[in-house]
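Chemist: Got a predicted structure here, sequence first:
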Amino acid sequence: MPPLSVIVITRDAARHIAEALASVTWADEIVVVDSGSTDDTVEIVRHYTDRVVTHPWLGYGAQKNYATSLARHDWILSLDADERVPPALAEEIRELLRGEPPCRGYRIPRVTWHLGRWIRSTDWYPDFQLRLYDRRSARWATRRVHESVQVDGPVGYLRHELHHYPYCNLADHLATMDRYSRLAAQDLLEQGRRARLWDVALHPPAAFLRNYLLRGGFRDGLPGLIISAMNAYYVFLKFAKLWELQQAPRAE
């Protein structure tokens, strides 16, 4: 029966971290890598594990690779501080690990709580995240944002949902979008992508139609409309910031 290590990276996560760690106390080990919290994050973490390390921020993927390297066990469950593993998912993972898992990694459907409800529409659902993996066959890509695990071998899917609580309000949502869109634009620039007029003009409305109509945002009422509009705005910000980065050499 393969033992399981849970890894979590944190910074100023005192609002969430206790509930996140409480949801995985059934695991064989919890490893937390903190990148210099100024709140009570580390003190809270020590109530759940003594495997807490302070390490300079490397970027999302690289920081998770570092946390993975500290684990004592090869099977890893990567959890963000604003996520929870509900009992049904915990039992599904335990059942999978009662034998030798046939796949080297597993995607988990993630459902987000926002604007007073679980959002099971738009691009947010089912938001499959590859979070359970054998580190001997998997490694996090080191992109700046929207990091993912690359697995050398077959990948399976779990059935039960991972719970996600990313925002406390719309202001928090907007602040996160501003930060992530900048990182995404930097990644795109390094990949050789360039923003054109049609990227800024056409991709955002297309994203809104996809989220609201094709992905069923209309079924979630006003929250679905707001999230569809916010997702479209994120696309606009990403390409607008990419265009801005393209202009930087001209301004020198």
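Modeler: Structure received.
Chemist: Output stretch 185-204 as PDB, nothing but the C-alphas.
Modeler: What follows is stretch 185-204, C-alpha atoms only, in PDB (Å, rounded to 0.1, in the frame of the first residue of the first chain):
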ATOM      1  CA  ALA A 185       1.300  37.600 -20.600                       C
ATOM      2  CA  GLN A 186       4.900  37.200 -19.600                       C
ATOM      3  CA  ASP A 187       4.700  33.500 -20.300                       C
ATOM      4  CA  LEU A 188       3.200  34.100 -23.700                       C
ATOM      5  CA  LEU A 189       5.800  36.700 -24.600                       C
ATOM      6  CA  GLU A 190       8.600  34.200 -23.800                       C
ATOM      7  CA  GLN A 191       6.900  31.600 -25.900                       C
ATOM      8  CA  GLY A 192       7.100  34.000 -28.900                       C
ATOM      9  CA  ARG A 193       3.400  34.900 -28.900                       C
ATOM     10  CA  ARG A 194       2.400  38.400 -30.000                       C
ATOM     11  CA  ALA A 195      -0.900  40.200 -29.400                       C
ATOM     12  CA  ARG A 196      -2.700  41.500 -32.500                       C
ATOM     13  CA  LEU A 197      -5.700  43.700 -32.900                       C
ATOM     14  CA  TRP A 198      -8.000  40.700 -33.300                       C
ATOM     15  CA  ASP A 199      -6.600  39.000 -30.200                       C
ATOM     16  CA  VAL A 200      -7.700  42.000 -28.000                       C
ATOM     17  CA  ALA A 201     -10.900  42.600 -30.000                       C
ATOM     18  CA  LEU A 202     -12.200  39.100 -30.600                       C
ATOM     19  CA  HIS A 203     -10.900  36.700 -28.000                       C
ATOM     20  CA  PRO A 204     -12.700  38.300 -25.000                       C
END
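Chemist: Quick one: residues in contact with stretch 56-68.
Modeler: 7-9, 11, 31-33, 35-36, 55, 76, 78, 135, 139-145, 147-148 (C-beta atoms under 8 Å, 6 or more residues apart in numbering). Placement of C-beta: from N, CA and C, glycine included.
Chemist: Narrow those to those in strands?
Modeler: Among the contacts of stretch 56-68, the members falling in strands (DSSP state E) are 7-9, 31-33, 76, 78, 139-140.
Chemist: quick one, helices of this protein?
Modeler: 17-22, 41-45, 60-70, 87-96, 170-190, 197-209, 221-251 (DSSP state H).
Chemist: now the longest one: mean pLDDT?
Modeler: Right, helix 221-251. Mean per-residue pLDDT for helix 221-251: 92.
Chemist: With the second one instead?
Modeler: Mean pLDDT, taken over the full extent of helix 41-45, equals 98.
Chemist: show me what contacts the spatially closest residue to residue 223 that is not a sequence neighbour?
Modeler: Among residues not flanking residue 223 along the chain, residue 115 sits closest, at 3.9 Å (C-beta to C-beta, 6 or more residues apart in numbering). The neighbours of residue 115, taking C-beta under 8 Å, 6+ apart as the test, are 170, 222-223, 226-227.
Chemist: Which members of the residues you listed define the maximum pairwise distance?
Modeler: 170 and 222 (12.0 Å; C-beta to C-beta).
Chemist: about what we covered before: for residue 157, find the nearest of the helices of the chain.
Modeler: It is, among the helices of the chain and with distance given as C-beta to C-beta, helix 87-96, at 10.8 Å.
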